[in-house]
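Trainee: what shape does this take:
(chains A and B)
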Protein chains: 2
Amino acid sequence: MSAETPQAYDDLLDAYRRVSNLGSAVGVLSWDQQVTMPEGGGPARSQQLSTLSGLKHELLTDDEVADALDAAGEAELSDEQRAVVREIRREHERAAAVPQELIEQISATSSEALEVWESAKADADFSQFAPVLDELVELRREYAAHIDPDRDPYAVLFEEYEPYLGLETAETVLERLRDELVPLIEAVGDSDVTLPEPFADGTYSEQRQEDLSREILTDLGYDWDRGRLDVSSHPFTSGNQFDCRVTTRFLSEDPLSALTATIHEFGHAFYNLGLPQEEYGTPLGASRDLSVHESQSRLWENHVGRSRPFWESIADDVRSAFEGVDADADTLYRAANRVYDDNLIRVDADELTYHMHIIVRFEIERDLINGDLAVEDVPAVWNDKYEQYLGVRPENDAEGVLQDIHWSHGNFGYFPTYTLGSVMAAQLYAAAEDDLGDLDGAIRDGEFEDLQTWLRENVHRHGARYRTDELVERATGEPYTAEYFLEYATEKYGDLYDL
Amino acid sequence: MSAETPQAYDDLLDAYRRVSNLGSAVGVLSWDQQVTMPEGGGPARSQQLSTLSGLKHELLTDDEVADALDAAGEAELSDEQRAVVREIRREHERAAAVPQELIEQISATSSEALEVWESAKADADFSQFAPVLDELVELRREYAAHIDPDRDPYAVLFEEYEPYLGLETAETVLERLRDELVPLIEAVGDSDVTLPEPFADGTYSEQRQEDLSREILTDLGYDWDRGRLDVSSHPFTSGNQFDCRVTTRFLSEDPLSALTATIHEFGHAFYNLGLPQEEYGTPLGASRDLSVHESQSRLWENHVGRSRPFWESIADDVRSAFEGVDADADTLYRAANRVYDDNLIRVDADELTYHMHIIVRFEIERDLINGDLAVEDVPAVWNDKYEQYLGVRPENDAEGVLQDIHWSHGNFGYFPTYTLGSVMAAQLYAAAEDDLGDLDGAIRDGEFEDLQTWLRENVHRHGARYRTDELVERATGEPYTAEYFLEYATEKYGDLYDL
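Mentor: The predicted structure follows:
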């Protein structure tokens, strides 16, 4: 087979491996910057990162890559090889379409926006941020127009993060979630049930929390020979199939937070560690895009980590980690699933209200980018939507529209993948249970192997071989749908809140 | 001034900054590999490193760099700018002279040699290693011939590590050291004095050793905002003027070893941290080559860290770090300077006999590369030289010629810089004392500022502005010489051993 591989295909892959290795090197440098780099290292590090990113862009958009893509496109290729060409072509074309100058302008404006956002947030004053946000919106519209002038710019930007589900599918799913979750959240708010808070009165040492996080990563089968756990200000996962590291952070008054974050990042890492090693550096050895990645983290965070049998399996560990906490498994389970229906802040949200935070920003950024909403009107629309979807109204912009950093990075289209991934997680988990039978008993016994093998077989080993929609349909037997998530959420929270 | 800078010079610098940033990125990836990377990460990491090194070579040897060098060479430049051009030209010309194929061949043969060396060392059998060593010698001769076919190949290889002192100077210095140190070491061996070993009967926890290393780094003024201390199997320093990290390693039975290693690495780091920040990425912000770098580590390791006043300043700390050790400062000072005249292993050597280990390998590798010695004769010559210079004869090749890894890396010409740096350290230290007055009192009080300012002013701030020989002459007022080292060694060890 390999002897017959067309030369153009081999050339393409050689060129792409360098692009991919540059991307991996950027990943290592960024991990280091967030985890181990001494404070003073910033100025040198940003120059290093800028050189590597610039080179990556140059190599990806090189004429040789264009020529190899053309030649490979005309060659006799296997299905897998065609998938590789499809992925590289997509990356190449998007990168080549946008002038380097515009990229640099977006990067410079984002740097400025970041500072402005910080000060505007400190002053709870959106009007400070409005002009630079307007500029970023304009620049991203230009960016989208370079890629495809004939389509809605937001649809084009969305595909940067989720190339294959399509904005229309995303909108259908998000609207359905909004329509069904808003009444569910209202019902939870009206319920007489109050879920317990067994950690409310204590403080919990970082060391104990870290030990517990390590113990649970070990229980989940995290491969320490190919990973590590560190602390960073925001939890994240970085790496590939040979070396994929997670971080977490510890809140002294809320040990559930670190635990949840750790399990979430485990899901990301477990995906990367399941990519085929022999395909490292090619699209077949790379993870699918953000919604699929988020489906893996959410599956572990929510369907496993927030399940009753999981808390039954770790209740002893939790009690012995934290002196004075003598909650039983049921109490811990219910505590881990408490709904915060008066919370305004996305990163503090529970599994249910979380999606309202996403949907608000999604609807606003879509209309902003498509020109249906003016920047100056954003705070009012934001506050109205919070009142409408969550029944709470921010008192100021700091706890409203300014809460998240993403827009100051110039990122629009990224947010919805969080919710799309959660929806996908439910569909995948349902399909796994369909294939494997009820998983509760195994989870209660701390046995995750069947589920893990299922995920390896149906998701991880394919890398970017299939488009997102194909991947979901092959793994679950049906097209991507919100059905399973809504069923899961309705049943779970109906049960927890006696609805 | 900057407005008048010729365009070619700016272009050259822009191109070079990318080369330099790629080199820095390689440094970060290597540090991570040795310090934080999980075991399984190797295969991906070597691909990343190979991509970055390959790109660095391509950018350095690019025609644009050649053109910019030519144009800059004809432009009106300041002295500093001419120094920049000189350094870039040197790097460019050496890299461009050698075919990429030969580089790859050396790299592949080294990988093979490394495995063969490990097994040959385990079997204490040089004959296993001989064929691949022969191959490496041949490849390096070819390599040298590409750079300059008209000169002795060893002189060319030596310049890879120390470009400006010249092999002739190196030989003069090393011969003089050999001629004067051999009788001094003999006299030490014949002396009735036995220096104390206050740590001989205990074991010392890693934690205590680490705490002490950190304390001493703090005392020396290591800037923790721009550095960190970690553990690795061989101590090393990695970084630049914004972020320069040191590593050490702890031997449970010999706490002096980690302490010495830490102070040595401090010297390397303190040099890098003193390079001008605004010149990061250019030769003016880069350290001079290996002998100068080693002069900085040896100055701190030996002239400060092995001095009597230094032990007077830290004796309390040492005693409180290690329970049961109640040696006074004088005992600690003498223990830290014990001469191991029956030791066969370089990395276990003391300050005095160390140079015999260097000189043996230097003389042998020079003759090997220049064709005056056959590979098969190496072990016999090695053993004879040990007998002649140190009065000990290895019983087998493992404790003889196979002890060090460097030849299997294909590195020839590197070893002498260790000794040349020690010699330079003595000359610099003498010049500093000449300028500042006797430093003993300050060191006893833990005050290093005057010495540090002197080093910043006379060495660090210049980057690679001056050639090595110029730098030494400007800093000390006279040409590079072995005089000060021999004076220092003779006086110190004469005193310690009642000679």
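
Trainee: where does pLDDT dip in chain A?
Mentor: A:1-3 (pLDDT under 70).

Trainee: max-length helix in it?
Mentor: The single longest helix within chain A, with elements called by DSSP state H, is helix A:7-35.

Trainee: which strands and helices sit next to that helix?
Mentor: helix A:42-60, helix A:63-74, helix A:79-97, strand A:237-239, strand A:244-248, helix B:7-35, helix B:42-60 (3 or more Cβ pairs under 8 Å, 6 or more residues apart in numbering or on different chains; DSSP states H and E). (Glycine included, C-beta is placed from N, CA and C.)

Trainee: 6 Å - rerun?
Mentor: The elements that helix A:7-35 packs onto, with contact taken as 3 or more Cβ pairs under 6 Å, 6 or more residues apart in numbering or on different chains; DSSP states H and E, are helix A:42-60, helix A:63-74, helix B:7-35, helix B:42-60.

Trainee: to B:Ser205, which of the ones you listed lies closest?
Mentor: helix B:7-35 (20.8 Å; Cβ to Cβ).

Trainee: what's the angle from that closest one to strand B:243-248?
Mentor: Counting by axes from the mean of the first three to the mean of the last three Cα atoms, to 10 degrees, helix B:7-35 points 30 degrees away from the direction of strand B:243-248.

Trainee: where along the stretch 151-300 of chain A do the helices fall?
Mentor: Residue ranges of the helices in the stretch 151-300 of chain A, as given by DSSP state H, counting those that start in this stretch, are A:153-161, A:167-190, A:206-219, A:255-273, A:290-298.

Trainee: which among those is found nearest to B:Thr203?
Mentor: helix A:206-219 (26.0 Å).

Trainee: what lies in contact with that closest one?
Mentor: A:Thr248, A:Phe250, A:Pro255, A:Ala258, A:Thr262, A:Phe266, A:Asp317, A:Ala321, A:Gly446 (Cβ atoms under 6 Å, 6 or more residues apart in numbering or on different chains).

Trainee: what residues does chain A have near chain B?
Mentor: Neighbours of chain B within chain A, by Cβ under 6 Å from any Cβ of the partner chain: A:18, A:21, A:24-25, A:28-29, A:32, A:38-41, A:43-44, A:47-48, A:51-52, A:225-228, A:240, A:242-243, A:280.

Trainee: circling back: how about the helices and strands packed on helix A:7-35, which one is nearest B:Arg467?
Mentor: That would be helix B:7-35 among the helices and strands packed on helix A:7-35, by Cβ to Cβ, at 18.3 Å.

Trainee: look up the closest residue to the residue in the stretch 201-350 of chain A that chain B sits nearest to, ignoring the ones flanking it.
Mentor: Nearest residue of the stretch 201-350 of chain A to chain B (Cβ to the nearest Cβ) works out as A:Asp243 at 3.1 Å. Nearest non-adjacent residue to A:Asp243, counting by Cβ to Cβ, 6 or more residues apart in numbering or on different chains: B:Gly41, 3.1 Å away.

Trainee: state the distance from that neighbour to A:Leu275.
Mentor: For B:Gly41, the distance to A:Leu275 equals 14 Å [Cβ to Cβ, to the nearest Å].

Trainee: re the thing from before, need the winner for burial among the helices of the stretch 151-300 of chain A.
Mentor: Mean neighbour count (mean count of other Cβ atoms under 10 Å in any protein chain shown) peaks for helix A:290-298 among these, with a mean of 26.

Trainee: name the residues that touch that one?
Mentor: A:161-162, A:264, A:267-268, A:271, A:287, A:417-418, A:420-422, A:424-425, A:428, A:468.

Trainee: and the two most separated of these?
Mentor: A:His264 and A:Thr468 (20.1 Å).

Trainee: next up, the contacts around A:Cys144.
Mentor: To be clear, residue A:144 is Ala; Cys isn't right here. By Cβ under 6 Å, 6+ apart, the contact list for A:Ala144 reads A:Pro153, A:Val156, A:Leu157.

Trainee: coming back round to it: CSV please, covering the helices and strands packed on helix A:7-35 and showing mean neighbour count and distance to A:Gln209.
Mentor: Output for the helices and strands packed on helix A:7-35, formatted as CSV (neighbours: other Cβ atoms under 10 Å in any protein chain shown; distance: least, Cβ to Cβ, whole Å):
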stretch, mean neighbour count, distance to A:Gln209
helix A:42-60, 19, 28
helix A:63-74, 16, 47
helix B:7-35, 20, 24
helix B:42-60, 19, 30
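
Trainee: closest one to B:Ile345 among these?
Mentor: Counting by Cβ to Cβ, B:Ile345 lies closest to helix B:7-35 out of these; the figure is 21.8 Å.

Trainee: angle of the closest one against helix B:79-97?
Mentor: Using the same axes, to 10 degrees: helix B:7-35 against helix B:79-97 is 60 degrees.
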